[in-house]
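> need a structure here:
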Amino acid sequence: MLLQQRTRIHQAGVSLVELMVAMTIGLFLMGAVGIIYVNTSSTSRSSTLESQMNEDASLALEILQQQIRLAGYSTIGATGARNFSGSAVRGCDGGFGTAGANNGGTLAFSALTCDSGTGPDALAVRYEGTVLNSQLADDSSAPPVKRPANCSHNGINNWVAGAAEGSALPIALADNRYYIANDANNVPSLFCKGRDGSAGTGFSAAAALIPNIEDMQIRYGITNAFGATGTNVPHQITAYVDAGDAELGNTVADIPNWARVTAIRICLLARTANPVPPGSNDFADLGQYTDCSGTVQTNTDRFLRRAYVTTINLRNMRPRIPASYEPGRNPFSDDS
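Sure, this is the predicted structure:
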């Protein structure tokens, strides 16, 4: 008879102490992984928000640069004279006045008023719109005709601007007003309101162009004031001044002085579309920024901010020589 040998299998487990140690290590590792994930996710979202802020500011500056470079542009008539020879730029410290484009007004360029506040600046730009420098859109005639569009993307009806506006011929005169206001969602944005030429002074509805632009500050590069007729005046920029500076003035009577402007320096203050996620960051971690006035500010609402600055030369605004500044004179010709 074969003897069967029984083998006793010993089952071994973990002790309570070992189990507790393993659970503690596991919880520690899970916590560490969670912290790393939250911080990485927060950093990624912050980078995304910052990239979007840079893109918004770049687009806003690109729009303004394109428009300002066109300031004063005009085609030439059969006699060799410019079809548009009026003032091409006009700025306001603190925004247009209460009857200006900010508030839905339809004031003519020569009748613009300025606000006396300390808010964002505003800028009006004029040039002759053509199929080469503007997108095309339907005008308000019946049936509609494709014409150069204003900044509100509406076609500009041809109209005779008149001597005060700088044209004796019916042209598509672009008269675009740029300013900062809150959009329908209460987001500060770069706005524009463009004249469409209907009845000579009509404006299209204001258009919100780029969101998350909180401030716009503008300074103007000017040449030396012209002296007496026959004086040869150099045309280099001698100073950058505000719109309300005594060199330019801030009233309708001072508009001829704007022919001295040959460059415009713009500072836009942009912010992120949303607050930075809290994560492990506090306000001190969000850093500081320098605003358009050169003052160092601290973020206190979790929105990141940054100032963006550019300078644009007015290619079509070479002052004439020799001549003094007089209302109604052509600022582009070389004859006196």
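
> from now on I want contacts and neighbour counts done on CA atoms only, so please keep to that.
Fine.

> in the stretch 1-150 of the chain, where is pLDDT below threshold?
Residues of the stretch 1-150 of the chain that meet the criterion pLDDT under 70 lie in 1-14, 33-44, 99-101, 103-106.

> what are the boundaries of the helices in this structure?
For the chain, helices defined by DSSP state H occupy the ranges 16-70.

> at the geometric centre of it, which residue do we find?
Centroid-nearest residue in the chain, with CA atoms, centre = their mean: A60, separated by 4.0 Å.

> hang on, isn't that residue packed against L190?
Yes. Using CA atoms under 8 Å, A60 is in contact with L190, at 7.2 Å.

> what do the two both touch?
Residues touching both A60 and L190 (CA atoms under 8 Å, 6 or more residues apart in numbering) are 209-210.

> ok, back up a step: what separation do you get for the residue nearest to the centre of the chain and G294?
Distance, A60 to G294, using CA to CA, to the nearest Å: 20 Å.

> swap in M216?
Between M216 and G294 the distance is 13 Å, computed by CA to CA.

> more neighbours, those two?
Shown here are M216 and G294; by other CA atoms under 10 Å, M216 has more neighbours (26 against 9).

> next up, the contacts around the more buried one.
Applying CA under 8 Å, 6+ apart, we find M216 in contact with 120-122, 179-180, 266-269, 292.

> check E128 too.
So E128 contacts 72-75, 84, 171-174 (CA under 8 Å, 6+ apart).

> if we use 10 Å, what do you get?
By CA atoms under 10 Å, 6 or more residues apart in numbering, the residues touching E128 are 70-75, 83-85, 88, 134, 148, 167, 171-175.

> distance of it from K146?
Distance from E128 to K146, by CA to CA: 15 Å.

> returning to that earlier point: give me the common contacts of M216 and G294.
Between them, M216 and G294 share these contacting residues under CA under 10 Å, 6+ apart: A307.

> give the buried residues for stretch 131-151.
134-140, 146-151 (16 or more other CA atoms under 10 Å).

> check stretch 72-82 too.
Across stretch 72-82, burial judged by 16+ other CA under 10 Å covers 72-74, 82.

> wait, the residue nearest to the centre of the chain touches D215, no?
No. If you go by CA atoms under 10 Å, A60 and D215 don't touch, sitting 11.6 Å apart.

> now do the shared contacts for those two.
Residues touching both A60 and D215 (CA under 10 Å, 6+ apart): 189-190, 268, 270.

> now, those residues that are in strands?
The strands, defined by DSSP state E, take in 189-190, 268, 270 from the shared contacts of A60 and D215.

> nearest to L16, of these?
Proximity of those to L16 (CA to CA) peaks at A270, which lies at 59.0 Å.

> that closest one and Y308, how far apart?
For A270, the distance to Y308 equals 8 Å [CA to CA].

> what's the overlap in contacts for these two?
54, 57-58, 60, 216, 291.

> mind putting those into TSV with distance to A206?
Output for those, formatted as TSV (distance: CA to CA, whole Å):
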residue	distance to A206
N54	24
A57	20
S58	21
A60	16
M216	17
D291	27
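
> from those, which is closest to L107?
For those, the nearest to L107 is M216 (21.6 Å; CA to CA).

> per-residue pLDDT of the closest one, please?
In this model, M216 is scored at 97, pLDDT.

> show me the beta-bridge partners of it.
Beta bridges link M216 to L268 when assigned by DSSP bridges.

> now do the one 4 residues further on
With DSSP bridges as the criterion, Y220 is bridged to V241, I264.

> hang on, the earlier thing: ok, and the most crowded of the ones in strands among the shared contacts of A60 and D215?
Highest neighbour count within these, by other CA under 10 Å: A270, with 28 neighbours.

> how many neighbouring residues does the closest residue to that residue other than its chain neighbours have?
Leaving aside its sequence neighbours, A270 sits nearest to I213 (CA to CA, 6 or more residues apart in numbering; 4.5 Å). Per other CA under 10 Å, the neighbour tally for I213 reads 28.

> verify the stated contact: I213 with R271.
Yes. At 6.5 Å, I213 counts as touching R271 under the criterion of CA under 10 Å.

> now do the shared contacts for those two.
With CA under 10 Å, 6+ apart as the test, I213 and R271 both reach 53, 56-57, 188, 305-307.

> before we move on, the earlier item: what is the nearest of the ones in strands among the shared contacts of A60 and D215 to N157?
Among those, L190 lies closest to N157 (CA to CA), at 24.7 Å.

> pLDDT score assigned to the closest one?
Confidence at L190, expressed as pLDDT, is 96.

> do A225 as well
64.

> could you shift the numbering so residue one becomes 676, and keep it that way?
With 676 as the first residue, the last one maps to A900.

> contact partners for V764?
Contacts of V764 (CA under 10 Å, 6+ apart): 743, 746-747, 784, 798-802, 850-852, 930, 933-934, 936-937, 939, 989, 992.

> go again using 6 Å as the cut-off
Neighbouring residues of V764 by CA atoms under 6 Å, 6 or more residues apart in numbering: 799-800.

> how about the shared contacts of A735 and D890 in CSV, adding distance to L702?
Converted to CSV, the shared contacts of A735 and D890 look like this (distance: CA to CA, whole Å):
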residue, distance to L702
S864, 47
L865, 50
L943, 48
A945, 43
